[in-house]
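>>> when you get a sec, could you give me coordinates for this:
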Amino acid sequence: MKKNKTFALTVLMLKSHIADVMDTIKEPKVPCVNVDLGGHHIGKLFYKQIPTHPPAWVKLFKPTSEDKLNQLVNSGSAAVLIVLSEKQYFALTFGCGRSLLKPDCFEENFGLRVVLNSVNPEKIRSVDTQSLDAVPLNQRSQASIASPIFDFGLNVEQDLLYAATGQPKDPAFGKRLTGKDALKISIPVVVEDIPKLLTRFSSLYKADAYKESFAWIDNLKEIRQKSAIEKLDAALTEKIQQKNFERTWLSVPDIIDWTDISGFKYQNMKHDISYDDIDWDSYLAFLGTEMPHTAETFRKHYVLAISESSGQQINAWTVYRCIYCELSLDGADYALNNGKWFKVNIDFLNTINESVGKIPVSNLPLPDYSHNKEADYNQAVHQSFPEYFALMDVKNISHGGGHSKIEFCDLYTKDKHLIHVKRYGGSSVLSHLFGQGVVSANLLLSDSNFREKLNEKLPESHKINNPLQKVKAEEFEIVYVIASKGTKVIPDLPLFSKITLRNSFNQLRMYGMKVSLKYVQVKKRQEKV
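Numbers count the residues shown, from 1 in each chain. Modelled structure (predicted):
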């Protein structure tokens, strides 16, 4: 029996509301042919020849090669086969075929879901992830041999899984499957097999077998399709226009040097008023009634950070990127963070809230935050009781080679509280705070060389008795101090900050250390003119 030729197929599932094939094609005049076999209609094949063009690298040699490389050209083709299989449209792309499709016509994560429902969880070859740390990292991890998913070092609460490659359980699916939005498979196939194959993929997409080994992928899902983002932006717009600021606020999305920030302005440097911080009241007052209070405006307008030393702009972000918002829409929960929308699993959200709610609140007597800079606040706390609070802010310890500098904490008490202070900002700002506590605690407990360097920075009354001897973790307490505006005793924190906080808390408790939170009130200050 003759063996079928192996083809590499790239499969997308089109959105369920699509009723006409032409609704998926960018250019209506792209030629197409019907694919019919044995009296059965398989689908429509749209195709396009990509014009030839010289390779970009030829320009590098043009001064020395005269016209000898002119005959070298790149060429290509694009094709997409649209197939209706049991009332569901699919697109199989060939060459540059995806460029023929409208960018918002297919289901996100179709390929990933099929892969996770099809592969052996002990035989994963590659994963693409994005972390939700202070600095988000996009990363591809590849194993030299098929390995269990957790051998890739995933943090299931802070890493978003975007794509995966693994060995399928069914040998009919070949040696490996790769999935993101598209499913990539390489198998022996003929045209008449395609509809049945797509029916299987559809069933696998709808299956929930993945929950046995990969249930955590439903915790958070980034929304990337334009139509869904537009719908969420419309809900955000309505929320702001109704002045409903519950679970919605403005905050600086990046870690900044507050020691050189004199204030913030909206949109341009010529604006007369400078604000000590950003919030909805000041921004909407800036907009007034002439400019629309819409997501489109928020994407166009900027928040400018002004240098105290030079009086010039040193940072800028779109207002949209400064928005944190949690809302419910069509029975689902979403969060806008750092310019991206995420769908949040309600059970995951409840678990995070419950865990964070159990973190003890510190009873340290700390004053309100009525200072321009964190350094000034830390200095004031130290001076209020210098025998108890040792000032450690900016006393970085060079450790670990290269240019690594570790800040032990901002304030260190005589009874071994490591106090980390951060004025409230976006989730990346607070994630940095929580991560800083874990790093310094780890070094304190595990590295005698670090403890010796630390002793050089500590006043005599606070020094570690024998830095070469291992310290007792249970004698120390990490205190995260968050300076926040508003009237709540415990302010709302962004979901992504709470995720990082819970992970930091669990890790520090695993070390054997005590951990607590402390909220201090930021006193409102007047705008600077």
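>>> ranges for the strands of the stretch 301-450 of the chain?
In the stretch 301-450 of the chain, the strands defined using DSSP state E, counting those that start in this stretch lie at 302-307, 313-318, 323-329, 332-337, 340-344, 389-391, 397-398, 405-406, 411-413, 417-423.
>>> among those, which is nearest Val115?
In terms of Cβ to Cβ, the element of the strands of the stretch 301-450 of the chain nearest to Val115 is strand 340-344, at 19.5 Å. (Each C-beta comes from the backbone N, C-alpha and C, glycine too.)
>>> what sits up against the closest one?
For strand 340-344, the external contacting residues (Cβ atoms under 8 Å, 6 or more residues apart in numbering) are 219-223, 228-229, 232, 326, 332-336, 495.
>>> list the buried ones in stretch 462-479?
Residues of stretch 462-479 classed as buried: 462, 464, 467, 471, 473, 476-479 (neighbour count, 16 or more other Cβ atoms under 10 Å).
>>> report the buried residues of stretch 14-23.
14-15, 18, 21.
>>> lowest pLDDT pick from those?
Within the buried residues of stretch 14-23, pLDDT reaches its minimum at Ile18, with 85.
>>> and it, that one's in a helix?
No: counting by DSSP: H, G, I helix; E, B strand; the rest coil, Ile18 falls outside a helix, being coil.
>>> please, which helix or strand holds the residue nearest to it when sequence neighbours are not counted?
Closest residue to Ile18 apart from its sequence neighbours, by Cβ to Cβ, 6 or more residues apart in numbering: Tyr89 at 5.5 Å. Using DSSP states H and E, Tyr89 sits within strand 88-95.
>>> mind giving me the packing neighbours of that strand?
strand 6-13, strand 74-85, helix 194-206 (3 or more Cβ pairs under 8 Å, 6 or more residues apart in numbering; DSSP states H and E).
>>> going by mean pLDDT, which of the ones you listed comes out lowest?
Ranked by mean pLDDT, those end with strand 74-85 at the bottom, a mean of 89.
>>> restricting to C-alpha, output that one in PDB.
Extracted in PDB, the C-alpha atoms of strand 74-85 (Å, rounded to 0.1, in the frame of the first residue of the first chain):
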ATOM      1  CA  ASN A  74      13.400  36.300  -2.900                       C
ATOM      2  CA  SER A  75      10.000  35.000  -3.900                       C
ATOM      3  CA  GLY A  76       7.200  33.400  -2.100                       C
ATOM      4  CA  SER A  77       3.500  32.500  -2.200                       C
ATOM      5  CA  ALA A  78       0.500  32.600   0.100                       C
ATOM      6  CA  ALA A  79      -2.400  30.300   0.300                       C
ATOM      7  CA  VAL A  80      -5.200  29.600   2.800                       C
ATOM      8  CA  LEU A  81      -7.700  26.800   2.600                       C
ATOM      9  CA  ILE A  82     -11.000  27.600   4.300                       C
ATOM     10  CA  VAL A  83     -12.900  24.400   5.300                       C
ATOM     11  CA  LEU A  84     -16.300  24.000   7.000                       C
ATOM     12  CA  SER A  85     -16.300  20.900   9.200                       C
END
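>>> just the buried residues of it, please?
Applying 16+ other Cβ under 10 Å to strand 74-85 flags 78-85 as buried.
>>> what's the answer for stretch 94-104, then?
Neighbour counts over stretch 94-104 (16+ other Cβ under 10 Å) mark 94-95, 97-98, 100-101 as buried.
>>> for Thr413, state which of the residues you listed is nearest.
Among the buried residues of stretch 94-104, Arg98 lies closest to Thr413 (Cβ to Cβ), at 59.1 Å.
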